[in-house]
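Peer 1: one predicted model, sequence on top.
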Amino acid sequence: MRTRKTLITLVAGAAVLPLALAGCGGGGSASSGDPDTLTILDYYNNEPDKTLVQDLLDQCAADIDVTIERESVPGKDLIQKVLQRSSSKTLPDVLMLDNPDVQEIAATGGLAPLSDFDVDTSGFAQGILDAATYDGEVYGLAPVVNTLGLFYNVDLFEQAGLQPPTTWDELKETAAVLTSGDQYGIAFSAIATYEGSWQFLPFMWTNGGDETDLQTPENAEALQLWVDLVGSGSASESVINWSQGDVKDQFVAGKAAMMVNGPWNIPALNETDVNWASVQVPVNKVGQTPVAPLGGEVWTVPQTGDKAKQAKAAEFVECMSGDDIELQAAESRFTVPTRTDLIPEYVEKVPSMEAFAEQVVNARSRTGELGEDWPEQATVIYNAIQLALTGKATPDEAFEQAAKG
Amino acid sequence: MTTTATAPAVSAQRTPTARPTSRFRREGVVKAMFLAPAALYILLFFGYPVVKNLVMSFQEYTTKTFFTGEAPWVGWENYATVVNSGLFWPAMLNTALFTVGSIAGQFVIGLALAVFFRRRFPLSGFLRAMLLLPWLLPLIVSSATWRSILDQDSGILNEFLASVGLGAVPWLNSPDVALIAVILVNIWIGIPFNVTILYGGLQDIPEELYEAAALDGATGWKSFWHITLPNLRPVINVVLVLGVVYTLKVIDIILGLTNGGPANATQTIAIRSYQSSFVDFEFGVGAAFSNILILISLVFAIFYLRGNRKQVDE
């Protein structure tokens, strides 16, 4: 009896993992039966974004005369939720997706192309359209986008009599000068997740590197820059474990004089005493154009089978990228409008976003070239960064070694 | 079993009118009804996931599958992908080191503490309760806290080392140290479980044995080796086998501390399984990884069962 009990316990223990893997479906409300009600799924579950986005959604709901039922889940749960809803045929009428995920989900056949509903997709920054395009069809629109820039502590720069760096050499020198005691010159995120790859992209792309072929001198040079910054002690060895949130905390705590980060940190930075400003990510050689990756969320119309409702949903998505909504979203959430003709007006209103707005015009989307194959290369990139920063490989060998993983 | 079988036979001889078969049947039905809920539960919540996971590991199961319902059969391809991936053998080695290191640490410290708390002393009850603390904290909280403790630049552990004149250790930043750091944290988490079970086992050892042994001159280490350990053997078996099964599948602590890094130094089979399924969305490959893990757990289960049978035979 005792052994049998133990056996059952053992089987139970062994079954925990597959239980998680089976990802038992079910749950969640189906597309509502009411023809004038649209269900919405997004991942803005934290304040202040949650309320700010609710405000925009309400405006569009009033605009096209529908009621909305919104559900917000934590960011890391969204894709799992979408997959569960796909298999139980209960996808929402309007779905928000992080832009690098759009092509992956579009490839499953779960999204409706916007051309089905004659949605006008002209006038948007090309980078974000590329992210939402799969097999020549646009599947979603992003009202606003964000990207990466270089934040710096103005007080520390003034004390040292320094100007914000524009080239990699200047970046290294400035960072070295500003490193003293427990204050590092610069902080960035080199963590072993897609976040690390995303932070590396501005350096890699600006230097002419490309994700289709990672084993190039340009990419190795960019990686060498990070290795130099950590090797010289200008950046902490802990960067390999820092998320972008950790990087922000270091900057706010005065433990980093500069940081590579995005404008979504601005509300938090404004709540602190830190006197900050931001510039574009420095380039390797004078004359290069800074190319940063595009971040931001895209609103899409899932295939729910209810054509009339999908048409309404498409109208809703179109409204969410209207001029007025874009400007409001950009202003309140420190992001950049995707309609390029709005950018000059926007920068006038919010001067602190100038560096990011400039960056967005030339910015690229992560999935623009590789589509659903991007995650694989992103994994190679962060693994290569980790190998190089821990001294397990030289920057020249790192990408090759990481590709074998 | 033999008594229940002969009793009806005897009664049947005495009273030929009684119908033993129907009584047998009724008893059988009652037994089955008692069993049914448990059997159904196990079938539904353990049987189904295990079988589903097994089937999934032979399919190309990706994001598309969720929408179309199609998961083409690919035979052993997922297993080939798993075994041929550059991280498979390092992850196997890490799993072994992580499991052996964690179990050894947890068990030795746990047993020492359990024996220590056998003695009554002021506040012993309170201290024993405090020992449970790591168990009560959500793992995500523990790992976040440890991450800040182990921070290289401003972590409290390195500050302490510096104050006693030792250099800073790159706990989570060096591929050579990270696995050790993760094992240390997992030992801390596993101690309460070991103490609790082993302490319970110690309570069952009759005091007279020690008294008798003391009369024969066996005290201290001798009484530990010849009385405590042999009497504790069944409990030790349970602790070790459950410990192995629990440790093999640890992911939250590693994800929270290092996310498998730096430079893949803390990749284990469980982490590979999680990342294949929920980061790469290759559910077939993830299932293959987890089946390998289950197979390893089963080997330990068999060892355990055989060990126990021997004990019964003795």
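Peer 2: Yep, it's here.
Peer 1: rest of the way, CA atoms for contacts and neighbours
Peer 2: Noted.
Peer 1: tell me which residues of stretch B:258-275 are tucked away?
Peer 2: For stretch B:258-275, burial by neighbour count (16 or more other Cα atoms under 10 Å in any protein chain shown) applies to B:258-275.
Peer 1: ok now that stretch, how far from the chain's centre?
Peer 2: For stretch B:258-275, the gap between its own C-alpha mean and the chain's C-alpha mean amounts to 19 Å (Cα atoms, centre = their mean, to the nearest Å).
Peer 1: show me the contact partners of it.
Peer 2: Defining contact as Cα atoms under 8 Å, 6 or more residues apart in numbering or on different chains, one finds that stretch B:258-275 is touched by A:192-193, A:240-241, A:383, A:386-387, A:390, A:392, B:87-88, B:90-95, B:172-176, B:178-179, B:182, B:248-251, B:254-255, B:281, B:285-290, B:293.
Peer 1: what about these, which are in helices?
Peer 2: A:383, A:386-387, B:88, B:90-95, B:178-179, B:182, B:248, B:254-255, B:285-290, B:293 (DSSP state H).
Peer 1: packing partners of the helix or strand that contains A:Pro375?
Peer 2: Per DSSP states H and E, A:Pro375 falls inside helix A:374-389. Contact here means 3 or more Cα pairs under 8 Å, 6 or more residues apart in numbering or on different chains; DSSP states H and E; on that basis helix A:374-389 packs against helix A:194-206, helix A:217-231, helix A:395-404.
Peer 1: can you list the buried residues in it?
Peer 2: So, applying 16+ other Cα under 10 Å, buried residues of helix A:374-389: A:374-375, A:377-389.
Peer 1: still on that earlier bit, chain B: which of the helices and strands packed on helix A:374-389 is closest?
Peer 2: Smallest distance to chain B across the helices and strands packed on helix A:374-389 (Cα to the nearest Cα): 5.8 Å, for helix A:395-404.
Peer 1: can the closest one be found next to chain B?
Peer 2: Yes - part of helix A:395-404 sits near chain B under the criterion Cα under 8 Å from any Cα of the partner chain, namely A:Lys404.
Peer 1: nearest residue to the middle of the chain?
Peer 2: Just going to use chain A. A:Gly295 (3.8 Å; Cα atoms, centre = their mean).
Peer 1: actually it's chain B I care about, not the one you picked
Peer 2: Note: chain B centre (Cα atoms, centre = their mean) maps to B:Tyr246, 2.2 Å.
Peer 1: can you tell me how far it sits from B:Ala270?
Peer 2: With distances taken as Cα to Cα, to the nearest Å, B:Tyr246 is found 11 Å from B:Ala270.
Peer 1: any weak-confidence spans in chain B?
Peer 2: B:1-21, B:308-314 (pLDDT under 70).
Peer 1: recalculate using a threshold of 80.
Peer 2: B:1-24, B:219, B:261, B:303-314 (pLDDT under 80).
Peer 1: so where do the strands sit in it?
Peer 2: Using DSSP state E, no strands are found in chain B.
Peer 1: got it, and the stretch 301-405 of chain A?
Peer 2: A:336-337 (DSSP state E, counting those that start in this stretch).
Peer 1: what does it put close to chain B?
Peer 2: A:Pro375, A:Glu376, A:Asn383, A:Gln386, A:Leu387, A:Thr390, A:Lys392, A:Lys404, A:Gly405.
Peer 1: near chain A, which residues of the stretch 1-150 of chain B are found?
Peer 2: Within reach of chain A by Cα under 8 Å from any Cα, the stretch 1-150 of chain B has these residues: B:45-46, B:49-50, B:52-53, B:63-69, B:85-87.
Peer 1: I'd like to know which of these are buried.
Peer 2: The buried subset of the residues of the stretch 1-150 of chain B next to chain A (16+ other Cα under 10 Å) comprises B:Phe46, B:Pro49, B:Val50, B:Asn53, B:Thr63, B:Lys64, B:Thr65, B:Phe66, B:Phe67, B:Leu87.
Peer 1: number of residues surrounding the residue in the stretch 1-150 of chain A that chain B sits nearest to?
Peer 2: Ranking the residues of the stretch 1-150 of chain A by distance to chain B (Cα to the nearest Cα) places A:Thr108 first, at 4.2 Å. By the measure other Cα atoms under 10 Å in any protein chain shown, the count of residues near A:Thr108 is 17.
Peer 1: okay, the closest residue to it other than its chain neighbours and B:Glu70: tell me how far apart.
Peer 2: Nearest non-adjacent residue to A:Thr108, counting by Cα to Cα, 6 or more residues apart in numbering or on different chains: B:Lys64, 4.2 Å away. Applying Cα to Cα, the value for B:Lys64 to B:Glu70 is 8 Å.
Peer 1: do A:Asn146 as well
Peer 2: Applying Cα to Cα to A:Asn146 and B:Glu70 gives a distance of 36 Å.
Peer 1: of the two, which one has the most company?
Peer 2: Using other Cα under 10 Å as the criterion, A:Asn146 and B:Glu70 rank with A:Asn146 on top: 26 against 13.
Peer 1: if I pick that one, what's in contact with it?
Peer 2: A:Gly262, A:Pro263, A:Trp264, A:Leu294, A:Gly295, A:Gly296, A:Thr335, A:Val336, A:Phe356, A:Val360.
Peer 1: keep only those of those residues that are in helices.
Peer 2: Using DSSP H, these in helices are A:Phe356, A:Val360.
Peer 1: widest-spaced pair of the contacts of A:Asn146?
Peer 2: Greatest spacing in those, by Cα to Cα: A:Trp264 and A:Val360 (14.2 Å).
Peer 1: tell me the angle of the helix holding A:Pro375 relative to helix A:194-206?
Peer 2: Relative orientation of helix A:374-389 versus helix A:194-206 (axes from the mean of the first three to the mean of the last three Cα atoms, to 10 degrees): 90 degrees.
Peer 1: let me see the mean pLDDT of helix A:374-389.
Peer 2: Over the span of helix A:374-389, the pLDDT mean works out to 93.
Peer 1: repeat for stretch A:230-243
Peer 2: On average, stretch A:230-243 scores 94.
Peer 1: low-confidence ranges, chain A, go.
Peer 2: A:1-35, A:47, A:405.
Peer 1: is it true that A:Met258 lies in a strand?
Peer 2: Yes - secondary structure of A:Met258 (DSSP: H, G, I helix; E, B strand; the rest coil): part of a strand.
Peer 1: quickly list what it is bridged to.
Peer 2: In this entry, A:Met258 is beta-bridged to A:Tyr152, A:Ile186, by DSSP bridges.
Peer 1: how far away is it from chain B?
Peer 2: As judged by Cα to the nearest Cα, to the nearest Å, A:Met258 and chain B stand 17 Å apart.
Peer 1: contacts only, for A:Val286.
Peer 2: So A:Val286 contacts A:Thr166, A:Thr167 (Cα under 8 Å, 6+ apart).
Peer 1: near chain A, which residues of the stretch 151-300 of chain B?
Peer 2: B:151-153, B:172-175, B:242, B:245-246, B:249, B:258-264, B:277-278, B:280, B:283, B:286-287, B:290, B:294, B:297.
Peer 1: pick out the residue of the stretch 201-314 of chain B closest to chain A.
Peer 2: Closest point on the stretch 201-314 of chain B to chain A, by Cα to the nearest Cα, is B:Ala263, at 4.7 Å.
Peer 1: returning to that earlier point: report the two of the residues of the stretch 1-150 of chain B next to chain A separated the most.
Peer 2: Between all members of those, the farthest pair (by Cα to Cα) comes out as B:Phe45 and B:Gly86, at 33.8 Å.
Peer 1: hang on, the earlier thing: the more surrounded of A:Trp264 and A:Val360?
Peer 2: A:Val360 (30 against 15).
Peer 1: residue contacts, that one?
Peer 2: A:Ala125, A:Val145, A:Asn146, A:Thr147, A:Ala292, A:Leu294, A:Val336.
Peer 1: restricted to strands, list those residues.
Peer 2: A:Val145, A:Val336.
Peer 1: from the contacts of A:Val360, list the buried ones, please.
Peer 2: A:Ala125, A:Val145, A:Asn146, A:Thr147, A:Ala292, A:Leu294, A:Val336.
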